[in-house]
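Asker: Let's see this in three dimensions:
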Amino acid sequence: MSKSPIVTLLSSIRLTAHLPPHSWYIVSSVTLSVLNRPEEIPHVFQYALEKDGGSTQKQLDIARRMREALVKSAAIAGLPKSINALYALKRATPHALLDKPLGYSPTGRSVELYDVPSSKIMERGQAFFDQIYGKVSKRVMGQMDQSGTEDLGITARLMYGYILSNTNVLSPVESSFVLLAGLIPQDVNPQLKGHLKGAINNGATVEEVRAVRNVIVCLCEASGMTRSDENASGGWGWRGEIANL
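Answerer: Numbers count the residues shown, from 1 in each chain. Have a look, this model is predicted:
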């Protein structure tokens, strides 16, 4: 049986110049989830354990970081794909590397949900949103509030508060990489432009953001995405140039 084209790419992806250490498997797993290729995620996990998981603790860190990336990607690409991706990852994960139900989670979200005042979480989410969007953050949130329903702005605040601004497992810049991996496969340039700059605002260098972008595009192309005419009536691909820095 021939190898998946994704599997053959992992070695080169991991060694991509300027790609921050230990970000390759986060970016790869989220991209594949958004592309609706959850069956490929165990390959990413096994390769990460082989190359970066030298001890049990390092293996646990990899498992938790991949899980958290897939959880955060639900905010940008939808819960169903995160569910399928996390189930695929669980099937490939040794029992010792799973966090028990209703037990300890390194994110602490259950504590935040039940024991921390919601106002405090919302303030953290707003600060994270402001950090990403910088001087245009009020305008961006205002546009969502005036989109025809204020519920769009409320949804964004909830996502940023309880999901995206929790940085107990993934750093702010790694969280930005998750957002990029969620946006590029969806061909949503207006949002991608803001989050390319947002990754810089969260601490990444221009070279790192470009490296992350290139890895995502490479995975998309390996999965069949192509550049299509902006007036095309069908097909699957990008309808214009993919935003870049």
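
Asker: Can you tell me the centre-most residue of this protein?
Answerer: By C-alpha atoms, centre = their mean, the mean C-alpha position of the chain lies nearest to residue 178, the distance being 2.1 Å.

Asker: Tell me the gap between the strand or helix carrying that residue and the middle of its chain.
Answerer: Assigned by DSSP states H and E, residue 178 belongs to helix 172-183. Taking C-alpha atoms, centre = their mean, to the nearest Å, one finds helix 172-183 lying 4 Å from the centre of the chain it belongs to.

Asker: cool, stretch 140-148 as well?
Answerer: Counting by C-alpha atoms, centre = their mean, stretch 140-148 comes out at 24 Å from the chain centroid.

Asker: okay, it in CSV with CA atoms only?
Answerer: Coordinates of the C-alpha atoms in stretch 140-148 are reproduced here as CSV (Å, rounded to 0.1, in the frame of the first residue of the first chain):
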residue,chain,number,x,y,z
VAL,A,140,-13.2,45.0,14.4
MET,A,141,-15.3,44.1,17.5
GLY,A,142,-17.6,47.0,16.7
GLN,A,143,-18.2,45.7,13.2
MET,A,144,-19.2,42.3,14.7
ASP,A,145,-21.5,44.0,17.2
GLN,A,146,-23.2,45.9,14.3
SER,A,147,-23.3,42.9,11.9
GLY,A,148,-27.1,42.8,12.0
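
Asker: just the strands in this protein please.
Answerer: 226-227, 237-238 (DSSP state E).

Asker: and among the ones you listed, the most buried is which?
Answerer: Mean neighbours per residue, mean count of other C-beta atoms under 10 Å, is largest over the strands of the chain for strand 237-238, with a mean of 17. Quick note: C-beta positions are derived from backbone N, CA and C, even for glycine.
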